[in-house]
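Visitor: using only what follows, build the 3D model:
(chains A and B)
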There are 2 protein chains.
Amino acid sequence: MSLQLRQLSTADADFESAFQRVLHWSAETDAAIEHRVAEIIEAVRSRGDAAVLEFTQRFDGLQADSVSALELGREELKAAFDAITPAQREALEFAAQRVRSYHERQLEASGKSWSYRDADGTLLGQKVTPLDRVGIYVPGGKAAYPSSVLMNAIPAHVAGVPEIVMVVPTPRGEKNPLVLAAAFVAGVHRAFTVGGAQAVAALAYGTASIPRVDKITGPGNAYVASAKRRVFGQVGIDMIAGPSEILVLADGSTPADWVAMDLFSQAEHDELAQSILLCPDAGYIAQVREAIERLLPGMPRADVIRASLEGRGALIQTRSMDEACEISNRIAPEHLEVSSSEPQRWEPLLRHAGAIFLGAYTSESLGDYCAGPNHVLPTSGTARFSSPLGTYDFQKRSSLIEVSEQGAQQLGRIAAELAYGEGLQAHAQAAEFRLKKGS
Amino acid sequence: MSLQLRQLSTADADFESAFQRVLHWSAETDAAIEHRVAEIIEAVRSRGDAAVLEFTQRFDGLQADSVSALELGREELKAAFDAITPAQREALEFAAQRVRSYHERQLEASGKSWSYRDADGTLLGQKVTPLDRVGIYVPGGKAAYPSSVLMNAIPAHVAGVPEIVMVVPTPRGEKNPLVLAAAFVAGVHRAFTVGGAQAVAALAYGTASIPRVDKITGPGNAYVASAKRRVFGQVGIDMIAGPSEILVLADGSTPADWVAMDLFSQAEHDELAQSILLCPDAGYIAQVREAIERLLPGMPRADVIRASLEGRGALIQTRSMDEACEISNRIAPEHLEVSSSEPQRWEPLLRHAGAIFLGAYTSESLGDYCAGPNHVLPTSGTARFSSPLGTYDFQKRSSLIEVSEQGAQQLGRIAAELAYGEGLQAHAQAAEFRLKKGS
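Guide: Take a look at the predicted model:
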């Protein structure tokens, strides 16, 4: 069965409308899920551990006498690490070291406190401190990714968070040894085999056994996403992720098979994932199409890849690489591969993307696992205004102000003038009280 | 009528429960407002300018033939600036310069792109770029604060945002000259006299006349807050603010009148605002109480202050300044005054606060208007996990990865090992395609 993969050209008269259809995606909010999640959160808030146990039995088929019986001790995480293959151990530790090293640079670049003094002795600054306690949600079942444990826990660890609490559902008690091993490597402090909206609620409000955290990060299904949205404000959350996306800008210099496989690597995630190629060279687009058709039957997840490419994929011919960059900025993709022999020429033109992969050797999958930067990235065009998960997500800032007596004389007059203008007389008088008599 | 201002002591047996009652505040979501806001947003999405005009007429009593007739030109902003008093002009410009200078330091400290290369030539980094276009919501009517225009627009300007769009309702066409003058001083690029949920919807989705933005910041009433929450994801938003709060830690060295006025300056905002004093010295607490009772009748907003202090205020005696710092960390206040002769002794103990005001001369009101740091701060305990508005809110980051051919050899093997472990074969093969044959 031949692949129905849509092909567009920016020269087509109807390009704009066809392009809009390709991009269109909206997160349907399911009212039934919203309602169930609200009930689950309320039950956990009011009945704590008992509700967590009930939902864990009902949804995960996992029976326990107490929530503390669902806690995984550090020894159990270590045992999982010891039990995986030496190659897996090495890969996890290598990836963790790369991710740690990158995030240490990130902390160094943007995570330090600073202050300065005015000539009159007034001190101004910003104090940067780690969060006290964070929760990391790790999906169980078929989308259980040990790499996500590293990508969420390591930035928190590097930021200096003293307590990282992982929750992971284990349907019918089945634990994923790689996830447990990754938690060991990443330095997770506590772990509970609890999942779903009940785990999010327990982390947000705390129960007798599960500590209340300050922020919850990590991916999850529709129930988890709805619960995170609902507890936002009570705790911090990372973004609510949409389907994963890759955009490849190609000038035709990369082997077509490589680009085809990079498109597959996004499409294999799920049927809603989006893979798009932008290229000015029609001949190269034909080569990539041929590679896709030739390679697809050999892929273990061929059905998912086909559904994703046919449903949401596109090969788009542009007039030029410059135009391809403009279109990329409109898409603001999660993953952006610049598969070009001159990646540094195009990079400055690319304003909106979660992560930019430069040159033929930089497959997205290297970044997904072990290059170092985070693989938790803004989706669905939100790279226009948001950023990869980073150490900054596990820190917060406090302004520091110490006005000297001398400084208070000038600042006080200005503040009083503006405060009276706003009709806030107590603000004005508080400033005026600091003025020297007769000055 | 004597003031009913509650007083607690950490030595009381029932302190914990009384303290919890003081802290308790929950944002009631009004289902009727939620429903109305959803309708307004949908109307603006589907009918654009026409819906904006209808709602502006209905809610603000302001009739116009077109949305472009509601746009304030740069000349009109300048005319407002020219028409205010010289003292007001000087105060606005002075405050703007201080705020700009502080935020330039902030940009310097945490807003720069960076990168490094591994020994094998692989480049890793992070590119920091300003948002393309942001919207600033400015309330009209009684809570119209020109200082908020400065505090929202200047960080965006310093971050390099090329287009800052202000919206401000003008009920029955009444414009606040100080707000318009502040917009002129702060470098707002475009301004529309539109407000409410309809303004938020127009900024989030765009209409024929109002451009779509990438992020919306600024305070507003319950309709505005609900609309911002609803468009979150389509655009970025800042935090949804709760009532304003001040916590004063006092060791008894500051004149009691100053502290009383600082408590008033928060209480005068509205009846839900919260003012709390923590102090180990019972005699000093009595002095502050006396000052409050003596000064209150002279305040123009005495009724609001009284309602706020009686409803949500508290004077709390602690066993020590150390204990006061611990309690402060539990509250995670928006504004934290360390009214002590040794502020630098206590500052390191204070982990959670939006802004920390050190020493007797640093009244909160100096920071509200002109010290330099931002006055948009996390409320309701969210300083546990969030930060003052800053230049970082108007930038976003993209990861940069350029793997060398040599780097791809080692990274590829590790990535493939982990990808196979996750059952993602296309990820693994994309990495393996970059390996040299026979290596």
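
Visitor: quick one: name the residues of the stretch 201-350 of chain A near chain B.
Guide: Within the stretch 201-350 of chain A, the positions near chain B by C-beta under 8 Å from any C-beta of the partner chain are A:214-215, A:233, A:235-236, A:239-240, A:255, A:257-258, A:261-262, A:264-265, A:267-269, A:299-301, A:305, A:343, A:347, A:350. C-beta coordinates here come from the backbone N, C-alpha and C atoms, glycine included.

Visitor: just the buried residues from the residues you listed, in PyMOL please.
Guide: With 16 or more other C-beta atoms under 10 Å in any protein chain shown as the criterion, this PyMOL line picks the buried residues out of these:
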select buried, chain A and resi 214+215+233+235+236+239+240+257+258+261+262+264+265+267+268+269+299+301+305+343+347+350
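
Visitor: tell me, how many residues neighbour residue A:283?
Guide: Neighbours of residue A:283 under the rule other C-beta atoms under 10 Å in any protein chain shown: 8.

Visitor: now it: which helix or strand?
Guide: Element membership of residue A:283 [criterion: DSSP states H and E] is helix A:282-295.

Visitor: in that helix, which residues are buried?
Guide: A:284, A:285, A:287, A:288, A:289, A:291, A:292, A:295.

Visitor: leaving aside the residues adjacent along the chain, what's closest to the fourth one?
Guide: Of all residues beyond its chain neighbours, the one nearest residue A:288 is residue A:256 (4.7 Å), with distances taken as C-beta to C-beta, 6 or more residues apart in numbering or on different chains.

Visitor: and that neighbour, how close does it get to residue A:264?
Guide: 13 Å (C-beta to C-beta, to the nearest Å).

Visitor: packing partners for the helix holding residue A:283?
Guide: helix A:256-267, strand A:274-279, strand A:314-317 (3 or more C-beta pairs under 8 Å, 6 or more residues apart in numbering or on different chains; DSSP states H and E).

Visitor: what about it, distance to the chain center?
Guide: Using C-alpha atoms, centre = their mean, to the nearest Å, the distance from the centre of helix A:282-295 to the centre of the chain it belongs to is 32 Å.

Visitor: past it, which element shows up next along the chain?
Guide: helix A:302-312.

Visitor: now do that next one: distance to the chain's middle.
Guide: The answer for helix A:302-312 is 24 Å, by C-alpha atoms, centre = their mean.

Visitor: who touches that helix?
Guide: With contacts defined as C-beta atoms under 8 Å, 6 or more residues apart in numbering or on different chains, helix A:302-312 is touched by A:3-5, A:22, A:25, A:243, A:263-264, A:266-275, A:292, A:296, A:299, B:426.

Visitor: and if you look at stretch A:411-421?
Guide: With C-beta under 8 Å, 6+ apart as the criterion, stretch A:411-421 contacts A:122, A:403, A:425, A:427-429, A:431-432, A:434-435, B:87-88, B:90-92, B:94-95, B:146-147, B:178, B:363, B:365-366, B:368-371.

Visitor: quick one: average pLDDT of that stretch?
Guide: Taken as a whole, stretch A:411-421 has a mean pLDDT of 96.

Visitor: what do you get for stretch A:243-258?
Guide: Mean predicted lDDT for stretch A:243-258 stands at 97.

Visitor: strands along the stretch 1-150 of chain A, start to end?
Guide: Using DSSP state E, counting those that start in this stretch, the strands found in the stretch 1-150 of chain A span residues A:7-9, A:71-72, A:114-117, A:123-130, A:133-137.

Visitor: quick one: secondary structure of the residue nearest the centre of chain A?
Guide: For chain A, the residue nearest the mean C-alpha position is residue A:376 (3.1 Å; C-alpha atoms, centre = their mean). Secondary structure, DSSP: H, G, I helix; E, B strand; the rest coil: residue A:376 is coil.

Visitor: show the contacting residues for it.
Guide: Contacts of residue A:376 by C-beta under 8 Å, 6+ apart are A:148, A:151, A:152, A:217, A:219, A:238, A:241, A:388, A:389.

Visitor: for these, which one is nearest chain B?
Guide: Among the contacts of residue A:376, residue A:388 lies closest to chain B (C-beta to the nearest C-beta), at 5.2 Å.

Visitor: tell me, how many residues neighbour residue A:250?
Guide: 26.

Visitor: pLDDT weak spots in the stretch 51-200 of chain A?
Guide: By pLDDT under 70, the weakly predicted segments of the stretch 51-200 of chain A are A:142-143.

Visitor: from what I see, residue A:80 and residue A:185 are in contact.
Guide: No. Assessed by C-beta atoms under 8 Å, residue A:80 is found out of contact with residue A:185, at 10.2 Å.

Visitor: looking at those two, which is more packed in?
Guide: In this view residue A:80 and residue A:185 are compared by other C-beta under 10 Å, and residue A:185 has more residues nearby, 23 against 20.

Visitor: what's in contact with stretch A:76-89?
Guide: Against stretch A:76-89 from outside (C-beta under 8 Å, 6+ apart): A:92, A:175, A:177-178, A:180-181, A:183-185, A:188, A:191, B:417-418, B:421.

Visitor: wait, residue A:373 sits on residue A:362?
Guide: No. Counting by C-beta under 8 Å, residue A:362 is not a contact partner of residue A:373; they are 11.0 Å apart.

Visitor: hey, what's in contact with both of those two?
Guide: residue B:401.

Visitor: what's the domain layout of chain A?
Guide: A:7-27+A:242-371, A:31-237, A:403-432 (automatic domain parsing).

Visitor: give me whichever of these is most buried.
Guide: Each of these was scored by mean neighbour count; the highest is domain A:403-432, a mean of 23, by mean count of other C-beta atoms under 10 Å in any protein chain shown.

Visitor: start and end of it, how far apart?
Guide: 14 Å (C-alpha to C-alpha, to the nearest Å).

Visitor: with stretch A:264-280 instead?
Guide: 21 Å.

Visitor: can you give me the helices in the stretch 51-200 of chain A?
Guide: Counting by DSSP state H, counting those that start in this stretch, residue ranges of the helices within the stretch 51-200 of chain A are A:74-83, A:86-110, A:146-159, A:177-186, A:196-205.

Visitor: quick one, which of those is nearest to residue B:325?
Guide: helix A:146-159 (22.3 Å; C-beta to C-beta).

Visitor: dump the domains of chain A to a markdown table, plus distance to residue B:48.
Guide: Shown next, in a markdown table, are the domains of chain A (distance: least, C-beta to C-beta, whole Å):
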| stretch | distance to residue B:48 |
| --- | --- |
| domain A:7-27+A:242-371 | 16 |
| domain A:31-237 | 27 |
| domain A:403-432 | 34 |
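
Visitor: residue B:18: which of these is closest?
Guide: Once these are compared by C-beta to C-beta, domain A:31-237 is nearest, at 20.7 Å.

Visitor: quick one: name the residues of the stretch 1-150 of chain A near chain B.
Guide: Checking the stretch 1-150 of chain A against chain B by C-beta under 8 Å from any C-beta, the hits are A:27, A:87-88, A:90-92, A:94-95, A:102, A:105-106, A:109-112, A:114, A:116, A:122-124, A:126-127, A:129, A:131-132, A:142, A:144-147.
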